[in-house]
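[1] starting from these lines, generate the structure:
(one chain, ligands or ions: 1)
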Amino acid sequence: MAARLNISRHNTLSFLNTSLTSKPFFSRNSFILSKKLTSSPRRALYCTSTLESHENNDTFVLTTPLYYVNAPPHMGSAYTTIAADSIARFQRLLGKKVIFITGTDEHGEKIATSAAANGRNPAEHCDLISQSYRTLWKELDIAYDKFVRTTDPKHEAIVKEFYDRVFANGDIYRADYEGLYCVNCEEYKDEKELLENSCCPVHQMPCVARKEDNYFFALSKYQKPLEDVLSQNPRFVQPSYRLNEVQTWVKSGLRDFSISRALVEWGIPVPSDDKQTIYVWFDALLGYISALTEDNKQQNLDAAVSLGWPASLHLIGKDILRFHAVYWPAMLMSAGLSLPKMVFGHGFLTKDGMKMGKSLGNTLEPFELVQKFGPDAVRYFFIREVEFGNDGDYSEDRFIKIVNAHLANTIGNLLNRTLGLLKKNCESTLVVDSTIAAEGVPLKDTVEKLVEKARTNYENLSLSTACEAVLEIGNAGNSYMDQRAPWMLFKQGGDSAEAAAKDLVVILEVMRIIAVALSPIAPCLSLKIYSQLGFSVDQFNSITWNDTKWGELKAGQVMEQASPVFVRIEMDAETDKEEKKPNDSKKKSKAKVKVEQQPQTLAEA
Ligand SMILES: Nc1ncnc2c1ncn2[C@@H]1O[C@H](COP(=O)(O)OP(=O)(O)OP(=O)(O)O)[C@@H](O)[C@H]1O
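    This is a model prediction of the structure:
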């Protein structure tokens, strides 16, 4: 069925008059065409809506999507949030004032249905599920600054004010709409984007035919301004291949979209028409602005905007790119607000090639993963393993291999061996400053280059490559240890033993730099390393990216007793009879976390 838009007769004139040089005036539910204006207020508003306006380079505002509370979080929701937290932590290290916004999207048909299916009223349901997101963020060491809920009255006030502005700007009209609706996307779909039997390609479920009398946002009027934004600011949508997707959509012709629902009670009422509620996306996107408001202060759009808008970065999955890179900028232009500086659409965590999602129910349970492996392993694995922007599949075998090799062996074991040698030979005390110890040592230059590589990749959001650079520092440290074999040098005594004591300082300085550079991704592990190097928690909490410079470790600093900073995960090959399929004779191996002292080599012991 082709989507059909029937504009009510009294609306027709204003709808057809889409030129930017005219400004229709509306009474709430009727549309009266005004005379043409010689100068356009809306055009004036566009002029302020550049990517650069209000820019404050010391502030970095970033957002995750506001997650839909139709079901508790899964590993996909956690993935975006872990990435956002890593970026936020990196920006804090650079000395930026960071406002990291996350939260929950709580209105709409899917929520009401999900609440009813669980025998709860929608408000209770939202409280419960929203809390489960907060709990998971705590378990994963997510240090957000603002958690916004779209059922919060302060958010509702901002949405209504925004709606009024867009309405006053002549961009909202009323019309009948008939088309195919995906309840899971909460979106009318174009027939050409659907699979067989009118199935939504994201949710693999048939869309339903719907006809409604709705309010519409005149997206089509923003065709040219959006084309200009995309061509003049190629970094607005990242990675670049997503920009191409967005440009293709826009070029194919923008169609107005409905921003109210007549059949959905669980939502914010349309101002002056309480028979309709505002469409979830026209509501939820405003959460990025309402989140900026301060408690117990007067809430209005301008006040919120003055507290940090525009956002520096919207981090989202590619499923919601159109909403963020097309609908949202047009809405902002209509309301005379600046556009976010960047929308980054990452790929999907998949299971058997399909997007992991709440609606499909093919999710990976993040609470279980964190309980089993700890937050650092989960954070590290997904950031390191999935190239940011692309899709990635999860396998437990791969997870264990990666975190054991990188965190337990390359990093944990190196620290453990070095501290062991320092204890045995130097009473756990550094004999010289690390700057002196590194004189004539090429490792220092290597580390400096790798630190720079990590920094540029963090800045470009190439998070996996940033991780890789940090790990290369660890590899370089291990090679140095093997080449120098300080345990042998200590045995030789005299100058050799002195040189060995310096080697240990060099390696511990390498460990310290790794701790700083890895702290955006594995903060708990970094803190453990820092503590073992004899620093306090306060000292760790005040580190900046400048601390990746060589030379912080000084003579006389006393190290802690070595203990594993990352516990190796052991595979336990016991047969799990309950999980065995009838004809499956293979043993199922289950991962177990085993606390054991990191092995030292025989010679070192
Ligand atoms: N499989 C996934 N891989 C990566 N990110 C995901 C995945 N699933 C969800 N996300 C993140 O959550 C956002 C969507 O949030 P939402 O609450 O709608 O979750 P969802 O599981 O995709 O829901 P549904 O399955 O009902 O569409 C995505 O844009 C992305 O940021």
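
[2] contacts and neighbour counts: CA atoms only from here.
    Noted.

[3] around the ligand, pick out the residues from the stretch 1-150 of the chain.
    Within the stretch 1-150 of the chain, the residues that sit near the ligand (Cα under 6 Å from any ligand atom) are Pro65, Tyr67, Tyr68, Gly76, Ser77, Tyr79, Thr80.

[4] and if you look at the chain?
    For the chain, the residues in contact with the ligand (Cα under 6 Å from any ligand atom) are 65, 67-68, 76-77, 79-80, 184, 316-317, 319-320, 347-350, 355-360.

[5] tell me the residue furthest from the middle of this structure?
    Among residues of the chain, the one most distant from the C-alpha centroid is Gly494; the distance is 53.7 Å, by Cα atoms, centre = their mean.

[6] so which of the residues of the stretch 1-150 of the chain next to the ligand belong to strands?
    Those of these mapping onto strands are Pro65, Tyr67, Tyr68, per DSSP state E.

[7] for the second one, which non-adjacent residue is spatially closest?
    Translated: Tyr67. Ranked by Cα to Cα, 6 or more residues apart in numbering and with sequence neighbours excluded, the top spatial neighbour of Tyr67 is Thr104, at 4.6 Å.

[8] the one you found and Asn70 touch, don't they?
    No - Thr104 lies out of contact with Asn70 (Cα atoms under 8 Å); the separation is 10.1 Å.

[9] coming back round to it: ok, the ones in strands among the residues of the stretch 1-150 of the chain next to the ligand vs Val432, which is closest?
    Of all those, Pro65 has the smallest distance to Val432: 49.1 Å, by Cα to Cα.

[10] element containing the nearest residue to the closest one once chain neighbours are set aside, please.
    In this structure, Pro65 finds its nearest non-sequential neighbour in Ile316, 5.8 Å apart by Cα to Cα, 6+ apart. Assigning secondary structure by DSSP states H and E places Ile316 in strand 313-317.

[11] show me what that strand is packed against.
    Helices and strands in packing contact with strand 313-317 are listed as strand 59-68, helix 75-93, strand 343-346; criterion 3 or more Cα pairs under 8 Å, 6 or more residues apart in numbering; DSSP states H and E.

[12] can you confirm Val98 is in a strand?
    Yes - membership of Val98 in a strand is supported by DSSP: H, G, I helix; E, B strand; the rest coil.

[13] how much space separates the spatially closest residue to it that is not a sequence neighbour from Thr277?
    Nearest in space to Val98, with sequence neighbours left out and distances taken as Cα to Cα, 6+ apart, is Phe60 at 4.7 Å. Phe60 sits 33 Å away from Thr277 when distances are taken as Cα to Cα, to the nearest Å.

[14] tell me the contacts of the residue nearest to Val98?
    Neighbour list for Phe60: Gln91, Lys96, Lys97, Val98, Ile99, Ala311, Ser312 [criterion: Cα atoms under 8 Å, 6 or more residues apart in numbering].

[15] whichever residue of the stretch 501-605 of the chain sits closest to the ligand: helix or strand, and which one exactly?
    For the stretch 501-605 of the chain, the residue positioned closest to the ligand under Cα to the nearest ligand atom is Ile521, at a distance of 17.2 Å. For Ile521, there is no helix or strand it lies in under DSSP H and E.

[16] test my guess that it contacts Asp376.
    Yes - here Ile521 reaches Asp376: they are 7.4 Å apart, a contact under Cα under 8 Å.

[17] compare the two and say which is more crowded by neighbours.
    Under the neighbour definition other Cα atoms under 10 Å, Ile521 and Asp376 were set side by side, and Ile521 has more, 30 against 21.

[18] so what's that one up against?
    By Cα under 8 Å, 6+ apart, the residues touching Ile521 are Ile82, Asp85, Ser86, Asp376, Arg379, Tyr380, Ile383.

[19] thanks a lot, catch you later.
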